[in-house]
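Chemist: Starting from these lines, generate the structure:
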Amino acid sequence: MYSQFQKQSLDFGKQFAEQAYKAQLAALKSISEIQGLQVKALENQAKSNLAFVADSFEAREIQDVTALWPKGIDFARESAEAAYTTSQEILGVAQKTAEQFGDLTRSSLKAANDAAAAPTKKAR
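Modeler: Take a look at the predicted model:
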């Protein structure tokens, strides 16, 4: 009886360690992908900012300054669109990771149920 309990405990510990490793791996991959998306968005935003600042430094007369208004509005719109697109991509990565966690949980519960049912099947 004790050896059976010990074996089940060791099997459960091994299964838990494997599932924890898989979950950590999925989380780290997700974090890496999100970081890449954010760095790319930051680079694009910095390029856009520098281009707008360069245009604004070239403005010497009032006509040049008034011509900057439409560019400024376009710049703000494009920045908002880029931020929205990046946030949607990040949300997609987070959703994919959550689905992976759900699959891991389902598989571990199924394995636990099968392991618990195995002694009962042997007894029959």
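
Chemist: what mean pLDDT would you report for the top helix by length along the chain?
Modeler: When the chain is parsed with DSSP state H, its longest helix is helix 62-123. The average pLDDT for helix 62-123 rounds to 86.

Chemist: so what does it touch, helix or strand wise?
Modeler: helix 2-57 (3 or more Cβ pairs under 8 Å, 6 or more residues apart in numbering; DSSP states H and E). No exception for glycine: its C-beta is placed from N, CA and C like everyone else's.

Chemist: Tell me which other helices or strands the helix it packs on touches.
Modeler: Applying 3+ Cβ pairs under 8 Å, 6+ apart, we find helix 2-57 packed against helix 62-123.

Chemist: what about the helix it packs on, distance to the chain center?
Modeler: Computed by Cα atoms, centre = their mean, to the nearest Å, the chain-centroid distance of helix 62-123 equals 5 Å.

Chemist: try stretch 40-51
Modeler: Here stretch 40-51 shows a centroid-to-chain-centroid distance of 22 Å under the convention Cα atoms, centre = their mean.

Chemist: Just give the number of residues close to the closest residue to Phe101 other than its chain neighbours.
Modeler: Nearest non-adjacent residue to Phe101, counting by Cβ to Cβ, 6 or more residues apart in numbering: Ala23, 6.1 Å away. Neighbourhood size, Ala23 [other Cβ atoms under 10 Å]: 16.

Chemist: likewise Ser79?
Modeler: Neighbours around Ser79, by other Cβ under 10 Å: 15.

Chemist: got it, and Asp11?
Modeler: Neighbour count of Asp11, defined by other Cβ under 10 Å: 14.

Chemist: isn't it right up against Ala115?
Modeler: Yes - Asp11 lies in contact with Ala115 (Cβ atoms under 8 Å); the separation is 6.2 Å.

Chemist: follow-up on the earlier one: between the longest helix of the chain and helix 2-57, how big is the angle?
Modeler: 170 degrees (axes from the mean of the first three to the mean of the last three Cα atoms, to 10 degrees).
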